[in-house]
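**Student:** This is the structure alone, sequence omitted:
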């Protein structure tokens, strides 16, 4: 059994990352996104997903790409 979720890239407004430290910790990326159909509505619904990666996986390129998208979306949402 497998579940697949998708997040619309234009809905992402915040991304955070936690790299693995010493020990058995995995790396993780948290993505906050808008689930409402209208991004600029007065009351929007948001959600957050956490993705874990093995310690050996370099999350830096993925994080940089998602952070760029989140910044661009944040700017677009706050345009006058």
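**Tutor:** Now that the structure is in, tell me what you want to look at. In this text, all values refer to a predicted model and were calculated from it rather than measured experimentally. Numbering: from 1, shown residues only.

**Student:** List phi and psi for the residue nearest the centre of the chain.
**Tutor:** The chain has residue 31 as the residue nearest its centroid, 2.1 Å off, counting by CA atoms, centre = their mean. Dihedral angles of residue 31 (phi, psi; degrees, to the nearest 10) stand at phi -120, psi 120.

**Student:** for the nearest residue in space to it that is not next to it in sequence, what are its contacts?
**Tutor:** The shortest distance from residue 31 to any non-neighbouring residue, by CB to CB, 6 or more residues apart in numbering, is to residue 49 (5.1 Å). Just so you know, the C-beta spots here come from the backbone N, C-alpha and C atoms, and that holds for glycine as well. Going by CB atoms under 8 Å, 6 or more residues apart in numbering, residue 49 touches 5, 7, 30-31, 33.

**Student:** Count the residues that sit near residue 36.
**Tutor:** Look at residue 36: counted by other CB atoms under 10 Å, it has 12 neighbours.

**Student:** was I right about it contacting residue 45?
**Tutor:** Yes: using CB atoms under 8 Å, residue 36 is in contact with residue 45, at 4.6 Å.

**Student:** how about residue 63, what does it touch?
**Tutor:** Residue 63 touches 15, 17, 29, counting by CB under 8 Å, 6+ apart.
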